[in-house]
Each structure stands twice: as structure tokens, then as C-alpha cells.
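Colleague: what follows is a protein structure lacking sequence information:
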């Protein structure tokens, strides 16, 4: 054991003495720091400004109320999901946000608005929140009405944008100490409703579909109401008929469930698959390069005079495994800290995923698959290094091996996002070379306990067999001169006494 530790220590010292190791180690923390900074500094505004020029005097307050109604409807839906997710129905009482179907009922949405909207509701719920319940975040309004910016002119007629209006659309405008994107201008002429009178909507060309729909719906309703009046039909009766709604219930998974849950819970496991690939390939390449250099400059002969081939192999695996563990802990720890204590894009992605993964069996299995996958790949790299005369020679073996591993792994990650029981993911779970990757990718969305136990047993048996067979190859090839033939490689693998 002492000699194994000596070899492992030597491998660790060789790696940490290189600049590349420290650059690689710092890559993820730097990327997360940049993500947090960029998300704060470069994130686009959620609110879009618009202007209404109503020369008819019929729509001034109505349009703004219509736009706000749509916003409050979405806020009511989000708040009701929050209340159900955290079992706050008792605290909500008979308020609209106690019912997930309330957003479908215009009367309930209006009651929600009359009670003060989302901010008042959040304030009412706050005293009843348990320590483990996060406060509900209320989104900024989707749209806000602003006066026509100074210096901006609306064309008297036609459909062309004026230069000043085009400039306002291309740049943000100032509003209450904020810079907001300028989305649209609605111009309603004084004679709107008369034959030939046309309202005009000037848009910045970006996605303001819902805002334009609000404009159109309100103007359409007005035109229809005028038509009913001209035909002697009571407008209030027509409006009542137009407001009738079919009795519909929207049946959804519990908050955070459904396909969204599958995606959210899969983020960390799939991140571990990427991390396993990157770490194993990186440290495996270092291991391969070290073995090739030791063979090419005959240093391995001096080493084997002091330690046995098995000791050398085990020490290299242990040393580079320790380096890989440091990389994983640094990257994963930094990501967890960023998710739990900081804001930013990475935090928004990781935080809900980490919250979903709290099952001890799940965590233990993920660790076993990660370590098992690392040993499987590291042993392949070590064996390739042992039979290669140079790095160029090693590449001829390494390239097909990497493709053989990476292509199915990328396929299984895509399949796992669709669901844990996708056929390709299930099949690859029982092929030992891909078991760690396939099972890690599937773990987040739910895998039967018998599958976890069975695949771990299969992986353990495969690792034992790999260490035995590739250990034979490693021992036999270390002192071999020249490039071995495939027949000779197979004979080394099969011979338990090779190299002894």
C-alpha cells in the first residue's frame, strides 16, 4: 500500500505542477462569476413601454385597464400555483389565489384586482409562511403605458414609420429612472368607427403579439358594438352575449410537475454526465501521456525496478483519480454555492434542480455511478498508453474509443430528457460501458429501485473484469518494444501471467 501511495503522490505532483491544471480548475468558477455578472448587467427588461394616442377620447383608460387585466390574470395563475405547491390554501381562505382555476374566471380576476392584485396578495400571505417556504416573486408588469417620447412624431397618414419613431423603437426610452424597450404606438383617429377611418398600430417589429392582440380585440369590440347599435340591438345585451364563456376546466399536473419536473430534476444528473466525461477524458489524457512518456524515454524500466506493474497501475489510477475528485468537488461545489447563495442565470437553473434531488438513495447511486464511470474510462486510457510508442500512436487508438463512448452518451442524454423509460436510455443502461452515463442521465426523472441495484451490480462486475483483463495488458505491454499487433494485444489481455 505504501508504494501505491508513493506512485499516486508522484502522479498528483506532476499534474498540479502544470499551468493547464490550474486554468482548468478555475474555468467553471470564472464562468459562473461571469454568468452572475452578465445576467445582472445584460439581462433585458421584462417590461415593454407602449403609447396610446386616442384622438376619439373613447379608449384612453379602457386600453390600459385591458392590458393590466391580462397581466393580473397571469399573476393570479402564478400565485395560485405557488399557494398549492406550498400548501397555503388555509392561509389563503376564500381569496381568488386559493383556487388554481380562478384565473379562468373574469369575475375572479377582477376580484383579485380589486383586492390589490399580486403585491397585496403576497403581503397577506407573508405572516403564514413557514421557514422553509420561499417568498413569492411578483413579476414586473409586461407592458406599461408611457406618453409619446419627446421629439417623436407620428405620421399624419400612411403606413410609413417616421425617422424619430423608428429611432425610438431601435433604442430604449427613459421612464421613471428605468430604460425600457419601446414596443408599440396605437393611434386612434377622432372619427374612428366611421367608414374609412382606420386605427394604426406602429410596432418595433419584435414580439409584442399579446399587446397588439389587446389593441385589436378592444377596437374590434367597439366596431361590433357600433354595428349592433346601428341595427337597433341593445349594446349591453350584445356585450353580455359576447362575454359568455363555455364551462371549461384546465387540468394540469401539480405545480412543478409534469414535463417541467422531468426537465428540472434531470439538470443536475445530466450535468454530472458532462462532468464525468470532461473529468475522465481530461485526467485520462494526462494519465495516457504520462505512461507514453515513461515508456518512450525508458523511465518505466527504472520505476519497475522499484515497484510491481500492478502497484504502478493502481497508484496511477489512485493519483489521477484524486486529481479528478479535486476537479469535480471544485466545480460542483462552486456551482452549488452559486445556486444557493447568489443570483444569476446559473443560479436560476441550478437552484430548483438541487431542491428536487434530496433522496439519500438517489444521491448515493449517483456517486457510485460517477465513480464507477470514472474508473471504467480511466482504465481504458491507461491501457491505451501502455501499448502506445508515442502520442501520435496513442491517438490512433484513442480517437475511435472516444467516439465509441461520446456518441451514444450524447444520444442517451437527449433521450433521458424526454423520460426515464425511453428505449435507447433503458437499453444503454444495461451495457456496462454506458451504464454510468445512462443511469446518471435517467436518475433525475425516476428509475425503479431494482434497476438501480441491478445496474450497480453489473457495473461492479464489469469493473472487476476490466481491471483483471486490462491489468494483464498493462503488465505485459510496459516493457514491450515496438507497436504490438492486435493478435498480440488479445493474447496479453487473455493471459493472467503476462508481465509477471
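Modeller: Arrived safely, thanks for sending. Because the structure is a prediction, the values reported are computed rather than measured. Numbers count the residues shown, from 1 in each chain.
Colleague: helices along the stretch 401-500 of the chain, start to end?
Modeller: 423-429, 435-443, 449-477, 486-494 (DSSP state H, counting those that start in this stretch).
Colleague: the ones you listed: which one's closest to residue 268?
Modeller: helix 435-443 (8.9 Å; C-beta to C-beta). Heads up, the C-betas are built off the backbone N, CA and C, glycines and all.
Colleague: looking at the helices of the stretch 401-500 of the chain, which is closest to residue 379?
Modeller: Closest approach to residue 379 among the helices of the stretch 401-500 of the chain (C-beta to C-beta): helix 449-477, 5.2 Å.
Colleague: in that closest one, what's buried?
Modeller: With burial defined by 16 or more other C-beta atoms under 10 Å, the residues of helix 449-477 counted as buried are 451-452, 455-456, 458-459, 462-463, 466-467, 469-477.
Colleague: want to try JSON lines for the helices of the stretch 401-500 of the chain, with distance to residue 65 and mean pLDDT as columns?
Modeller: Listed next are those as JSON lines, based on distance: least, C-beta to C-beta, whole Å; pLDDT from 0 to 100:
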{"stretch": "helix 423-429", "distance to residue 65": "50", "mean pLDDT": "88"}
{"stretch": "helix 435-443", "distance to residue 65": "49", "mean pLDDT": "85"}
{"stretch": "helix 449-477", "distance to residue 65": "55", "mean pLDDT": "86"}
{"stretch": "helix 486-494", "distance to residue 65": "78", "mean pLDDT": "75"}
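Colleague: who does residue 52 bridge with?
Modeller: Residue 52 has these beta-bridge partners by DSSP bridges: residue 186.
Colleague: pretty sure it contacts residue 184?
Modeller: No. Assessed by C-beta atoms under 8 Å, residue 52 is found out of contact with residue 184, at 9.2 Å.
Colleague: list the contacts of stretch 193-208.
Modeller: 48, 50, 56, 154, 159, 161, 165, 169-170, 181-189, 191-192, 212, 215-216, 219, 222-223, 226 (C-beta atoms under 8 Å, 6 or more residues apart in numbering).
Colleague: put the buried members of those residues into a ChimeraX selection.
Modeller: Applying 16+ other C-beta under 10 Å to the contacts of stretch 193-208, the buried members can be selected in ChimeraX as follows:
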select :48,50,154,161,165,169,181,182,183,184,185,186,187,188,189,192,212,215,219,222
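Colleague: contacts for the host helix or strand of residue 213 next, please.
Modeller: Assigned by DSSP states H and E, residue 213 belongs to helix 209-230. By C-beta under 8 Å, 6+ apart, the residues outside helix 209-230 that reach it are 48, 50, 58-59, 62-63, 66-67, 70, 142-143, 183-184, 186, 188, 192-193, 199, 201, 203, 234-235, 238-239, 242.
Colleague: so how many other residues sit close to residue 82?
Modeller: A total of 20 residues lie near residue 82 under the criterion other C-beta atoms under 10 Å.
Colleague: what pLDDT is listed against the residue nearest to it when sequence neighbours are not counted?
Modeller: Leaving out its chain neighbours, the residue that sits closest to residue 82 by C-beta to C-beta, 6 or more residues apart in numbering is residue 136, at 4.7 Å. What the model reports as pLDDT for residue 136 is 85.
Colleague: show me the contacts for residue 136.
Modeller: Contacts of residue 136 (C-beta under 8 Å, 6+ apart): 78, 79, 82, 122, 125.
Colleague: which of the residues you listed ranks first by neighbour count?
Modeller: Neighbour max across the contacts of residue 136 (other C-beta under 10 Å) = residue 79, 28 neighbours.
Colleague: next structured bit after the helix or strand hosting it?
Modeller: Here residue 79, judged by DSSP H and E, is contained in helix 60-85. Downstream of helix 60-85, the first helix or strand assigned by DSSP H and E is helix 89-92.
Colleague: and after that following helix, which helix or strand comes next?
Modeller: Sequence-wise, the next helix or strand downstream of helix 89-92 (DSSP H and E) is helix 106-114.
Colleague: orientation of the very next helix or strand once past that following helix relative to helix 106-114 in degrees?
Modeller: Toward the C-terminus, helix 106-114 is succeeded by helix 117-125 as the next helix or strand (DSSP H and E). With axes from the mean of the first three to the mean of the last three C-alpha atoms, to 10 degrees defining the directions, helix 117-125 sits at 70 degrees from helix 106-114.
Colleague: average pLDDT across helix 117-125?
Modeller: Here helix 117-125 scores 88 as its mean pLDDT.
Colleague: which other helices and strands does the helix holding residue 79 contact?
Modeller: The elements that helix 60-85 packs onto, with contact taken as 3 or more C-beta pairs under 8 Å, 6 or more residues apart in numbering; DSSP states H and E, are strand 48-54, helix 89-92, helix 106-114, helix 117-125, strand 143-145, helix 209-230.
Colleague: for residue 279, what are its contacts?
Modeller: Contacts for residue 279 were tallied using C-beta under 8 Å, 6+ apart; they are 324, 327, 328, 374.
Colleague: having no further points to raise, I will conclude here.
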